[in-house]
Structures are given as structure tokens and as C-alpha cells.
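Visitor: pasting the sequence and the predicted coordinates here, then a few questions.
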Amino acid sequence: MAPDPLRSKIVKTFKLHGLSLRSEGSTYLQSLLREADGSEVDEALSKIIDTLSNLNLPSPVVDRGTLESAVSECNDATEPDASTDKVLHVINAFDVPKFKYHCERRKFLPDGAASKTLFGGAANKINVCKERYWLVLQRTQRHSLFTPAVAGAVSQGNKFTLQTVEQVLGQQGTKNHTIVLAMLVQIEEGKFYLEDTSTHMRCDLSKTRFHQGIFTEFSFVLAEGMFDETDSVFKVSGLGLPPTEPASITRNYFGNTNFFGGPSPSAVGSVVRLKEMEVEKSNAMFVMISDVWLDQPQVLAKLKTMFTGYSKFPPTAFVFFGNFLSAYNVKDTAQKMKAGFKALSDILALFPILCSDSQFLLIPGPQDLAPAQILPRPSFPGSLVEPLSRRLSSLHLCSNPVRVAYCSQEMVFFRDNLVNKMCRHCIKFPTRDEEVQVHLAKTLLSQGHLSPLPLHVSPIYWSHDSALRLYPIPDVLVCADQYDAYSVSAVDCTVVNPGSFPKSGFSFKVYLPAQRKVENCEISN
């Protein structure tokens, strides 16, 4: 009896991807794909294998149960719940899924062994550095500058070989310039070292040419130079940041895995229906205001004016960043904040349409109430904002940072005085050729992290470091800061700072998702 061509195609396709189908699995796929034509079969098999590759399979042998789960996930991704209350999802930092890069398999897999406690152990602190390194390394190795030359290809440009610190130390005696990807650290005071997972070596930055970016300790750099055996030091001639990578390129390698979080089984950017809904909701807008000082009557008056302007056209969401008080006193901070949120609730009572139709996000600032000055910061307790929560139909008490999935876009909101911190602790202040915000945006996206600073400068919960990752790069990154307001674009990402509301003449930013555009707004006297 001649073999079934469809069955042969299914088995062969799985074998090409290193997978083996059990007989009941191939029979199940045959029954699903029997009525499909050739191109539809190819597309369906490709989606199923992509989904399987994102699962933590215990072995390459795939049974029917695993296939049914993969098929169900594919169906969910193409037919999402299209109800209007499902287009916006808020993902707090402590709910972000944790993925770990596996060098042997060259893929990110869910980290089932990740610590779920707030305070991790020593192993978690080590993994903070290691996992950041592997994330940056695998991305850098794929860049065109570091991929091997293809035999017979034309115009491939300059190619470079990326080496580890151990390899550089093992090649002493050669006078070749090499490029190293490593973390910049200060093991001894006043002496900088390059360190990766193999070892570390001292470096000399006295004659270094710095490229675009803000270079701080604990950040990953590409260092070009030569090892000097006389002084046992790596003399760095050029220092740059690792190359960035658009999210679309990242997903070409890792499929539609949902790194971002939320209920969707796959990345929201890959769901066709969500893209269509984004276009349909052409009037959607996010109003972003930082330093909402609720203890200042003038700020409350300006907020009332703003609400009046939006009362007939309710925005999708109001995003309020802290600090929520202009001055802090340990004794009565909680009472002042309760009174401030009560005052805000009384103002919103005058605008019932905004209370019912708009969503409100409250993101704590650096000086707001928190158990500790450690990132990520938990959300406000419900008791603090009780009057506001009773007034609004949709109030989100967010962590800092917080992620928001809106239709097909991924947004990250973060409140910290990053410009001040980064410039204060940088090794060399950025050149005047470009504005500081351009250097900052490039640095954050290159590092794939919201806080590329030493842990003693910007403490983090070791077991929740993944909540601060920027990988794949989101569509929108809002870094609310006391620095002057700005909006820059880099690597298909819009980086925004709404500025300090009271200190900038009561100005704020509005983001229009359908146009992917940021507008400057101001409440004049």
C-alpha cells in the first residue's frame, strides 16, 4: 500500500525541525489538515512547530496531547476575545513571565525554577548578571558585524570576531586588535575591569574613544583594543554599546512567544484581529502626567481644567505618575496622600463620563510610600486610595515599572530620575553632538534593561530582575523623569518623558496608538 503523502509530509517536516511524532500524533494532524491545500498545510505546520518550539518539551518526541495544546494555542492566537474590555491589559512587575536563555538550545524557555519569593538568595544575585549577559550576547552574535562571512557572497562589509575575556588572556603575545563583550566593573577603586562569565581583566580607558551612549558601571560594552603584556592591561581604543535589535527581528528567531506578559498566549503584535482593532479605535489616547502633586491646590485646579477639556471625549487611559506629594514628612505622609486622593476623587465626581469610560493607572514615584527603595516597587495599598477606587469604574494600582498591552502594542511605563542617575554615575559624560535623551534611549534599549546601574546605586529585587528587562524592545517606553520633557524614536520604539507637571508649566504628553504619535500638551494660565 502506497504511503499517504500528507502523513509523509507531516513526519518529514517535524524531522527537519528535530522533532519526532508518535503515530497517534500524526494521525491527529492528518485528520485536521485533510481538507487543506498545499500552502495551507505548510502554513499550519509552520505555526504548530513554532508553538512547540516555545514550549519546554521534556524530549523531542511529541505525543497527541502536546499537539492538541499547541493547536489550541494557535487557534487562540488567531481568534482572540475581541470584546472592548479586553484590548487593554495591565501587567504588574511581579506578574511578568520569567524566561531563561538556554545556550545549548539557543532559545528562551520559561524558567520554572525561578524564585517566587520577594527576596532571592545568593544564586539569584549571580543570575542577575549572567542572564543579562546571555541576553545581550545572543543578540550581538546575530548582528551582521559578527556573523561569519558567507562564502561567495558579495559586499558583506567588515566582519569582526567576538571574543571572551578568557580568549583574550589566552592569546597573549599577539598584537591583534580584538573586540570583547563584557560588563564594565570597578573591582578595585579607581581601576576598571572587563568581566564576563569566563573571567575578568583590567582595562585602560585613558585613550579610549567613546561612541554614542551613557557608559556606567554594571553596563555591558563592546570594547575594542589590544592586551598589553607589559602592564597586564587591556588598552581600550574604542568603547561602544552592544547593537540593538528591533522586536520584529527578535521574533523572527524566537517566534511569537509572549515575553511581555498578559493573558494572550502569543505576542499581541502577532494577532491580526488586535491590529485591526487598533486601527478601528482611531480616537484612542493615553494621557500621561508625571509628578501629580495632590497636596498643591494649583495642581488640583489644573487637573480639573484638564478633565473639563476631556469630558466630552474620554481618553482610553489616564496614566498618573508619582511623586504624588510635593514634600514628604515621615510622620504624616500617609494621611496627606489619603487626603490628596480624596481631593482627586471629589474633582472626578464632576465628570461621570470620565469615571465610567476612562481607565486610570497610578504608578508610584521614587519618594512615594513603599516598603523599601528597591525596584520593582509594589503598587499602592488599596486602603490609601479607597475614595478613588469607589469613584472610578476602572482603577489600576500599578507597580513601578508596569507593562501595558493595548491592542497590538506593548508599552512600558517607568518612573525614576534616570537622566540624573545615569549622568551622575557615568564614566564619561556624553558628547554635546546629540542631546542627553538620545544617549539615554540608546543606552536603555541596547542594555535591554531599565536600570543598567550598579546595585548599590539602583537596588533591585534579585529574583524579579526580569521585570525590568526591555526584550524584545517594546513599542512604547515611557520614562517619567524630572528632566525636561522629550520624545525620541529608536529601533521602532518611541521613548517618551512627559516631564514634571508642576515644574514644566503644567505640560504633559498624549500618546495616540492608532497613529503611533506623541503630542505635546499644556494647560495655560
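Guide: Now that the structure is in, tell me what you want to look at. These figures come from a predicted structure and were not determined experimentally.
Visitor: average pLDDT across the biggest strand by length in the chain?
Guide: Ranked by residue count under DSSP state E, the longest strand found in the chain is strand 178-188. Mean pLDDT, strand 178-188: 95.
Visitor: if you count neighbours, what's buried in that strand?
Guide: Neighbour-count burial for strand 178-188, with 16 or more other C-beta atoms under 10 Å as criterion, is recorded at Thr178, Ile179, Val180, Leu181, Ala182, Met183, Leu184, Val185. Placement of C-beta: from N, CA and C, glycine included.
Visitor: list the buried ones in the least confident helix or strand in the chain by mean pLDDT?
Guide: Within the chain, no helix or strand scores below helix 64-78, which has a mean of 74 by mean pLDDT, DSSP states H and E. Residues Arg64, Thr66, Leu67, Ala70, Val71, Glu73, Cys74, Ala77 are the ones in helix 64-78 that count as buried (16+ other C-beta under 10 Å).
Visitor: now stretch 90-106
Guide: The neighbour-count criterion (16+ other C-beta under 10 Å) identifies Val90, Ile91, Asn92, Ala93, Val96, Pro97, Lys98, Phe99, Lys100, Tyr101 as the buried residues of stretch 90-106.
Visitor: any idea which helix or strand comes after the helix or strand harbouring the second one?
Guide: So that's Ile91. Ile91 is part of strand 88-92, with elements assigned from DSSP states H and E. Counting by DSSP H and E, the next helix or strand C-terminal to strand 88-92 is strand 99-102.
Visitor: helices or strands up against that following strand?
Guide: On a contact count with 3 or more C-beta pairs under 8 Å, 6 or more residues apart in numbering; DSSP states H and E, strand 99-102 meets strand 107-110, helix 122-141.
Visitor: low-confidence ranges in the chain?
Guide: Along the chain, segments meeting pLDDT under 70 span 1-3, 54-58, 76-85, 150-157, 173, 432-433.
Visitor: residues near His20, how many?
Guide: One thing to correct before we go on: residue 20 is Ser, not His. If you count neighbours by other C-beta atoms under 10 Å, Ser20 ends up with 12.
Visitor: equivalent analysis for Lys9, please.
Guide: 17.
Visitor: residue numbering should commence at 41 henceforth.
Guide: Noted, 41 is the first residue going forward, which turns the last one into Lys49.
Visitor: so it sits in a strand?
Guide: No - counting by DSSP: H, G, I helix; E, B strand; the rest coil, Lys49 is not found in a strand; it is helix.
Visitor: show me where this structure has helices.
Guide: Under the criterion DSSP state H, the chain contains helices at 45-56, 63-73, 78-93, 104-118, 162-181, 205-210, 287-294, 312-320, 337-350, 373-388, 392-397, 426-431, 458-464, 476-487.
Visitor: could you dump the ones you listed to a markdown table with distance to Asp532?
Guide: Formatted as a markdown table, the helices of the chain follow (distance: least, C-beta to C-beta, whole Å):
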| stretch | distance to Asp532 |
| --- | --- |
| helix 45-56 | 31 |
| helix 63-73 | 35 |
| helix 78-93 | 21 |
| helix 104-118 | 21 |
| helix 162-181 | 15 |
| helix 205-210 | 32 |
| helix 287-294 | 7 |
| helix 312-320 | 15 |
| helix 337-350 | 29 |
| helix 373-388 | 36 |
| helix 392-397 | 31 |
| helix 426-431 | 35 |
| helix 458-464 | 21 |
| helix 476-487 | 10 |
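Visitor: so for Ala525, which of the ones you listed sits nearest?
Guide: For Ala525, the closest of these is helix 476-487, at 9.4 Å, according to C-beta to C-beta.
Visitor: so that closest one versus helix 162-181, what angle?
Guide: Inter-element angle recorded for helix 476-487 and helix 162-181: 100 degrees (by axes from the mean of the first three to the mean of the last three C-alpha atoms, to 10 degrees).
Visitor: which ones are touching the residue lying closest to Leu262 once chain neighbours are set aside?
Guide: Once flanking residues are discounted, Leu262 sits nearest to Gly280: 4.8 Å by C-beta to C-beta, 6 or more residues apart in numbering. By C-beta atoms under 8 Å, 6 or more residues apart in numbering, Gly280 lies in contact with Phe250, His251, Gln252, Gly253, Val261, Leu262, Glu264.
Visitor: count the neighbours of the first one for me.
Guide: Phe250 is surrounded by 20 other residues when neighbours are defined as other C-beta under 10 Å.
Visitor: elements contacting the strand holding Ile131?
Guide: So strand 128-132, by 3+ C-beta pairs under 8 Å, 6+ apart, packs with strand 442-446.
Visitor: now the angle between helix 312-320 and the strand it packs on, please.
Guide: Following the same axes, to 10 degrees, one obtains 90 degrees for the angle between strand 442-446 and helix 312-320.
Visitor: helices or strands up against strand 442-446?
Guide: Packing contacts for strand 442-446, counted by 3+ C-beta pairs under 8 Å, 6+ apart, involve strand 128-132, strand 399-403, strand 449-455.
Visitor: mind listing what that strand pairs with, with the direction of each?
Guide: strand 128-132 (antiparallel), strand 449-455 (antiparallel) (DSSP bridges).
Visitor: now those as TSV including distance to Ser99?
Guide: Shown next, in TSV, are the strands paired with strand 442-446 (distance: least, C-beta to C-beta, whole Å):
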stretch	distance to Ser99
strand 128-132	32
strand 449-455	33
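Visitor: now for those strands, which one comes closest to His489?
Guide: Taking C-beta to C-beta, strand 449-455 is the member of the strands paired with strand 442-446 nearest to His489, at 11.0 Å.
Visitor: what angle sits between that closest one and helix 287-294?
Guide: Using the same axes, to 10 degrees: strand 449-455 against helix 287-294 is 110 degrees.
Visitor: what lies in contact with strand 449-455?
Guide: Strand 449-455 has contacts (C-beta under 8 Å, 6+ apart) with 287, 300, 307-309, 318, 326, 328, 330, 359, 361-362, 401, 403-406, 438, 440-445, 490, 510, 514-521, 553, 556.
Visitor: swap in stretch 485-498?
Guide: With C-beta under 8 Å, 6+ apart, stretch 485-498 has contacts from 165, 168, 172, 175-176, 179, 253, 256-260, 281-284, 415, 441, 452, 454, 456, 458, 461-462, 465, 483-484, 500, 508-511, 513, 517, 519, 530-531, 533, 535.
Visitor: buried subset of those residues, written for PyMOL?
Guide: The PyMOL selection below is limited to those of the contacts of stretch 485-498 classed as buried (16+ other C-beta under 10 Å):
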select buried, resi 168+172+175+176+179+253+256+257+258+259+260+281+282+283+284+415+441+452+454+456+458+461+462+465+483+484+500+508+509+510+511+513+517+519+530+531+533+535
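Visitor: quick revisit: out of the helices and strands packed on strand 139-142, the one nearest Asp236 is which?
Guide: Closest to Asp236 of those is helix 162-181 (C-beta to C-beta; 6.3 Å).
Visitor: which of the residues in that closest one are buried?
Guide: Residues of helix 162-181 classed as buried by neighbour count (16+ other C-beta under 10 Å): 164, 167-169, 171-180.
Visitor: likewise for stretch 370-385?
Guide: Thr373, Lys376, Met377, Lys378, Gly380, Phe381, Ala383, Leu384, Ser385.
Visitor: hmm, Gly545 is touching Glu562, no?
Guide: Yes - the pair Gly545 and Glu562 qualifies as a contact (C-beta atoms under 8 Å) at a distance of 6.0 Å.
Visitor: burial of the nearest residue to Ser398 once chain neighbours are set aside, as a residue count?
Guide: Setting aside the residues directly before and after it, Ser398 is nearest to Pro354 in space (C-beta to C-beta, 6+ apart), at 4.6 Å. When counting by other C-beta under 10 Å, one arrives at 19 neighbours for Pro354.
Visitor: ok, Pro354 - contacts?
Guide: Contacts for Pro354 (C-beta under 8 Å, 6+ apart) come out as Ile393, Leu394, Asp397, Ser398.
Visitor: alright, calling it a day.
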